[in-house]
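Engineer: Sequence first, then the predicted structure:
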Amino acid sequence: MKLSLKEYNTLRNQILVVFLSVMIIVLLIVGIMTFHLVSALITKNAEKQIRQTAAEANGRLETLYKQIDVLTSQMVTNTEVQQLLLQVAEGHPAKFEQRQALTRTIGSFQVYSDGINSLDLYTKDYQRLYPLDETNLLTRLDKKWVEEADRAKGSMVWIGTDPRDPAYFLAIRRISLIDRWFSNGGYLLIRMNRNYFQLEVPNSSLSSGEYMVLVDRNMATISSNYDGDIGQAVRERLRLTIQDKEYIVVRQSSDLTGWTLYILTPVGSLTEGLSVLRTAIAASGGIGFFIFLVFSVFLSTLITRPVLKLIKTMRSARTGTLKPSPEMNSTVEINELTKTYNQMVDNMNELIEAIYEKELVRSHTELKALQAQIDPHFLYNTLEALYWSLQDKEEDELAELVIAMSDLFRYTIGNAHQGEWVTIRDELEHAERYMQLMKLRFGDRLTWSISAAPGCERVPIPKLMIQPLVENAVLHGVGNKKGPGSVHIRVRRADPSPKWIIEVEDDGPGIEESAVRSILRSLEQEAVVAMKGSGMAIANVNKRLRLYYDRAKIRDISIRSQAGQGTVITFEIPGGDA
């Protein structure tokens, strides 16, 4: 018995046992890791593709929604519509000829969108001006939608399915009268075709077994390629079973519309290739083990060194590096084992290359989307072309105004290198360009002066801090005054403090003392100023001062005003870097 044990206790058999054990362990590790990694990669890539598809579909729906929103926004600011509603708001009923003339105006907007079926115009008293019947708005929809339109202050409010005809959707927006301090002038009811929001994704990767469901913020179905109603069933769920078939739910919400797009993908379609992968790994491992066992019995001594090299190459896969094993002058069996391993490496590298190419395609698509954005230089080039055209016609005054407008846009829009900080000199130049443009409106009624103490030109200041106050002084000071008016901008050092004081003064009708107290109280509480426009610029500048500077170093904006004697707005900034 001892002799028998000694007979088998040879170096070759020991190497054989060790190599067989190593081979089994390596095959198991590689097989299990490969299976889990590849399966996770396939599932993750499929889910990423579905999310990309959902983002593309959601982007298309947002584009359709924006088209209707922009078109109706242009209509409610149309001069003819504004004037008619202003007439009605002032107590003068609309004439039949005026209402009839709306047909041409509304029709000119409606032809620009296939999604709009009809546009109904109502007064603030809910009486219809167009079409020409006397239907009341509250007979078409519930009053809560009218109240929500009032709260939206001119933004489009999505209602959903038309209760009169499920083939259409309804939306409403309040019309604010521009010449009446944006007060309520009426309502625009938009009736849209349901098939306008059909879920269509060009070059979509969706299979026939997947479903797409689009719901609004009330979970009412807008569009779906599923015959039944699963709008409520998909809410806040990651898995869903339909007709004994399990689906993965991917959702994509839109901040613009408030809608949510759900894509239901069968779990089986994501894992259909894993069974083949499992079989291939098991078969490859079995073949490798069999070859290794048969030829190791006869050539264990000869293959010791080549096998060590092969194991070393295979172990490099643990670090994520898949390299083929170099060819060796050895037995046929070892060469066959090396060839099998290299084929597996090639297959793995091909799979990695395919995934890399898909990522390149996705990056290319994102680059195309970025290139499609509007270049603001188009606006600058257009204004420059207009400038040269006016120069050719010797319209020098208008040409200078065009240049001032171009500089105004460049400064306001800014660029990536300019950032949020400018100098006081830039702010003063921008304010003067604005007043040059206002000169076109007020003529000789408007005069202004700018005085800046030496040394303030290069002091940094957040962009658009002075111009809003100047605009406030022009519109509510000079604009509300009979006869000529003036605006004065002064920049001086607050000696001995290292601060700079900036004042904007007008000689307009001034502000009542109670109104001044109300504005200052609102600034202290950071509340929204409720009065007509005059406090909005002040609140905006004051809030930005608090954001950009330490409140311990500066004070809030101060206001000095008396009725009939004009207004002075003052704020201060540190003299050094912000």
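Structural biologist: Good, I have the coordinates.

Engineer: Please report how far residue 469 lies from residue 145.
Structural biologist: 39 Å (CB to CB, to the nearest Å). Bear in mind the C-beta positions are built from the backbone N, C-alpha and C, glycine included.

Engineer: Between those two, point out the one with more neighbours.
Structural biologist: Between residue 469 and residue 145, counting by other CB atoms under 10 Å, residue 469 is the more crowded of the two (26 against 21).

Engineer: The more buried one is in contact with residue 538, isn't it?
Structural biologist: Yes: if you go by CB atoms under 8 Å, residue 469 and residue 538 touch, sitting 7.2 Å apart.

Engineer: Touching both of those two, which residues are there?
Structural biologist: Common contacts of residue 469 and residue 538 (CB atoms under 8 Å, 6 or more residues apart in numbering): residue 569.

Engineer: Which helix runs longest in the protein?
Structural biologist: helix 11-76 (DSSP state H).

Engineer: pLDDT below threshold where in the stretch 451-578 of the chain?
Structural biologist: For the stretch 451-578 of the chain, the stretches with pLDDT under 70 are 526-535, 576-578.

Engineer: Apply 90 and report the result again.
Structural biologist: Applying pLDDT under 90 to the stretch 451-578 of the chain flags residues 454-458, 462-465, 467-468, 471-483, 493-499, 508, 510-557, 561-566, 573-578.

Engineer: Now do the helices in the stretch 351-500 of the chain.
Structural biologist: 377-392, 396-413, 424-442, 467-473 (DSSP state H, counting those that start in this stretch).

Engineer: Then the stretch 151-300 of the chain?
Structural biologist: 267-271, 274-315.

Engineer: which ones are touching residue 258?
Structural biologist: Here residue 258 is in contact with 158, 216, 217 (CB under 8 Å, 6+ apart).

Engineer: and the helices of the stretch 351-500 of the chain, which one is worst for confidence?
Structural biologist: Lowest mean pLDDT of the helices of the stretch 351-500 of the chain: helix 377-392, a mean of 58.

Engineer: show me what contacts residue 568?
Structural biologist: Counting by CB under 8 Å, 6+ apart, residue 568 has contacts 503, 504, 505, 559, 560, 561.

Engineer: could you flag which of these are buried?
Structural biologist: 503, 504, 505, 559, 561 (16 or more other CB atoms under 10 Å).

Engineer: so which of the residues you listed comes closest to residue 553?
Structural biologist: residue 503 (19.0 Å; CB to CB).

Engineer: can you confirm that closest one is in a strand?
Structural biologist: Yes: the assignment for residue 503 (DSSP: H, G, I helix; E, B strand; the rest coil) places it in a strand.

Engineer: Can you tell me who it pairs with across the strands?
Structural biologist: residue 490, residue 570 (DSSP bridges).

Engineer: And it, how close does it get to residue 514?
Structural biologist: In terms of CB to CB, residue 503 sits 23 Å off from residue 514.

Engineer: Next: residue 56.
Structural biologist: To residue 514, residue 56 is 56 Å away according to CB to CB.

Engineer: Between these two, point out the one with more neighbours.
Structural biologist: Neighbour count, other CB under 10 Å: between residue 56 and residue 514, residue 56 has more, with 18 against 8.

Engineer: Just the mean pLDDT for stretch 52-63, thanks.
Structural biologist: 80.

Engineer: again, but for stretch 73-89
Structural biologist: Here stretch 73-89 scores 85 as its mean pLDDT.

Engineer: from now on call the first residue 757
Structural biologist: Understood, numbering begins at 757; the last thing we discussed is stretch 829-845.

Engineer: buried stuff in it?
Structural biologist: 831, 832, 834, 837, 838, 840, 841, 842, 844, 845.

Engineer: check contacts around the closest residue to residue 1268 other than its chain neighbours.
Structural biologist: Once flanking residues are discounted, residue 1268 sits nearest to residue 1319: 5.8 Å by CB to CB, 6 or more residues apart in numbering. By CB under 8 Å, 6+ apart, the residues touching residue 1319 are 1265, 1266, 1267, 1268, 1269.

Engineer: State whether residue 861 is indeed within a strand.
Structural biologist: No: when three-state DSSP is applied, residue 861 is found to be helix, with no strand at that position.

Engineer: That one contacts residue 836, doesn't it?
Structural biologist: Yes: taking contacts as CB under 8 Å, residue 861 lies within contact range of residue 836: 5.2 Å.

Engineer: The nearest residue to residue 1320 once chain neighbours are set aside in helix, strand or coil?
Structural biologist: Once flanking residues are discounted, residue 1320 sits nearest to residue 1266: 5.7 Å by CB to CB, 6+ apart. Following three-state DSSP, we place residue 1266 in the coil state.

Engineer: which ones are touching residue 1266?
Structural biologist: Counting by CB under 8 Å, 6+ apart, residue 1266 has contacts 1317, 1318, 1319, 1320, 1321, 1322, 1323.

Engineer: ok, back up a step: show me just the buried residues among the contacts of residue 1319.
Structural biologist: 1265, 1266, 1267.

Engineer: Identify the residues contacting residue 850.
Structural biologist: 840, 843, 844, 885 are the contacts of residue 850 under CB under 8 Å, 6+ apart.

Engineer: between those residues, which is nearest residue 805?
Structural biologist: residue 885 (50.1 Å).

Engineer: Which helix or strand contains that closest one?
Structural biologist: strand 884-886 (DSSP states H and E).

Engineer: ok, now residue 1080?
Structural biologist: Here residue 1080 is assigned to no helix or strand, by DSSP H and E.

Engineer: my read: it touches residue 1098, true?
Structural biologist: Yes: using CB under 8 Å, residue 1080 is in contact with residue 1098, at 4.1 Å.

Engineer: Can you check which residues contact both of those two?
Structural biologist: Common neighbours of residue 1080 and residue 1098 (CB under 8 Å, 6+ apart) do not exist.

Engineer: Just the terminal-to-terminal distance for stretch 905-918.
Structural biologist: End-to-end distance of stretch 905-918 (CA to CA, to the nearest Å): 17 Å.

Engineer: Buried residues, it. List them.
Structural biologist: Residues 905, 910, 912, 913, 914, 915, 916, 917, 918 are the ones in stretch 905-918 that count as buried (16+ other CB under 10 Å).

Engineer: Now do the last one against residue 897, distance only.
Structural biologist: In this structure, residue 918 and residue 897 are 9 Å apart, going by CB to CB.

Engineer: any shared contact partners between the two?
Structural biologist: Contacts common to residue 918 and residue 897, judged by CB under 8 Å, 6+ apart, are residue 926.

Engineer: ok, so of the contacts of residue 850, who is nearest residue 787?
Structural biologist: residue 885 (75.7 Å).

Engineer: mind listing what the spatially closest residue to the closest one that is not a sequence neighbour touches?
Structural biologist: Nearest residue to residue 885, sequence neighbours excluded (CB to CB, 6+ apart): residue 877, at 4.7 Å. Contact analysis of residue 877 by CB under 8 Å, 6+ apart lists 837, 858, 862, 884, 885, 886, 942, 943, 944, 945.

Engineer: Contact partners for the second one?
Structural biologist: Remark: with contacts taken as CB under 8 Å, 6+ apart, residue 858 is in contact with 836, 837, 840, 877, 885, 886.

Engineer: Same check on the third one?
Structural biologist: The contact partners of residue 862, taken as CB under 8 Å, 6+ apart, are 831, 875, 877, 886.

Engineer: Hmm, residue 884 and residue 891 touching each other?
Structural biologist: Yes: counting by CB under 8 Å, residue 884 is a contact partner of residue 891 at 4.8 Å.
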